[in-house]
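S.K.: Below: sequence and its predicted model.
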Amino acid sequence: MGNAMLHDTVVHGGTRTVLARVMTWGAEADVPIVQADITAITYSIWDATEAEWSEVAGHQDQPVTVADAVFNTPQVDSRWTKDATGYNFRHTPPVGATPPFPEPDRDYRLYYTFTPADGEPFVVGVGMRSI
C-alpha cells in the first residue's frame with residue numbers, strides 16, 4: 001500500500017483539517033479508495049513529544065463517519081495544493097470538550113485506522129507540530 005506519514009503544523013488549542021489521497025491495497029493497489037471500500041474509520045491522537053507517548057484526552061479510538069470523510073471522486077479545491085489529482089479523504093478532529101492539540105510546542109501523532117470491506121485494517125498517520 002502506498003500510504004505514508006504526513007506532516008503539518010497546527011495552532012495549539014485548535015484543530016486542523018487533514019486532506020489525503022488514500023490508496024487501495026492488494027491486487028488493485030494504487031487506486032484511490034471509495035466509500036464502498038471502507039466499513040469503518042477511527043482516529044486517535046497521541047502527544048509524542050516525550051519518549052513515552054501519552055494519549056490526548058477525548059481523542060482515542062474516536063469514530064469517523066465514512067460517508068463524511070471518504071469521497072468517491074477525487075476532490076480538487078483551494079485547500080489542495082499538492083497536485084491536480086486531488087484528495088479522497090478529509091477529516092477535522094473536533095475540538096469539543098477537549099482540544100485535539102491542547103499544548104503549544106508539542107509533537108502530536110494523529111492515526112486513522114481504516115477497516116476495509118475486504119482485508120486487514122490499515123493505518124494512515126499524520127504528524128502535527130503545535131505552535
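M.R.: Looks like it came in fine.
S.K.: Counting by contacts, list what the lowest-mean-pLDDT helix or strand in the chain packs against.
M.R.: When the helices and strands of the chain are compared on mean pLDDT, DSSP states H and E, strand 6-10 comes out lowest with a mean of 84. Packing partners of strand 6-10 (3 or more CB pairs under 8 Å, 6 or more residues apart in numbering; DSSP states H and E): strand 18-20, strand 122-130. C-betas here are computed from N, CA, C, even on glycine.
S.K.: Next, the angle from the last one to strand 6-10.
M.R.: Okay, so that is strand 122-130. 30 degrees (axes from the mean of the first three to the mean of the last three CA atoms, to 10 degrees).
S.K.: partners of strand 122-130 in the sheet?
M.R.: strand 6-10 (parallel), strand 107-116 (antiparallel) (DSSP bridges).
S.K.: Give me the contacts around it.
M.R.: If you take CB atoms under 8 Å, 6 or more residues apart in numbering as the criterion, strand 122-130 is touched by 1, 3, 5-12, 16, 18, 20, 22, 25, 48, 89, 101, 103-114, 116.
S.K.: buried set for it?
M.R.: Buried residues in strand 122-130, counted by 16 or more other CB atoms under 10 Å: 122, 124, 126, 128, 129, 130.
S.K.: Quick one: the strands in the chain, in order.
M.R.: 6-10, 18-20, 38-47, 54-55, 62-64, 70-75, 87-91, 107-116, 122-130 (DSSP state E).
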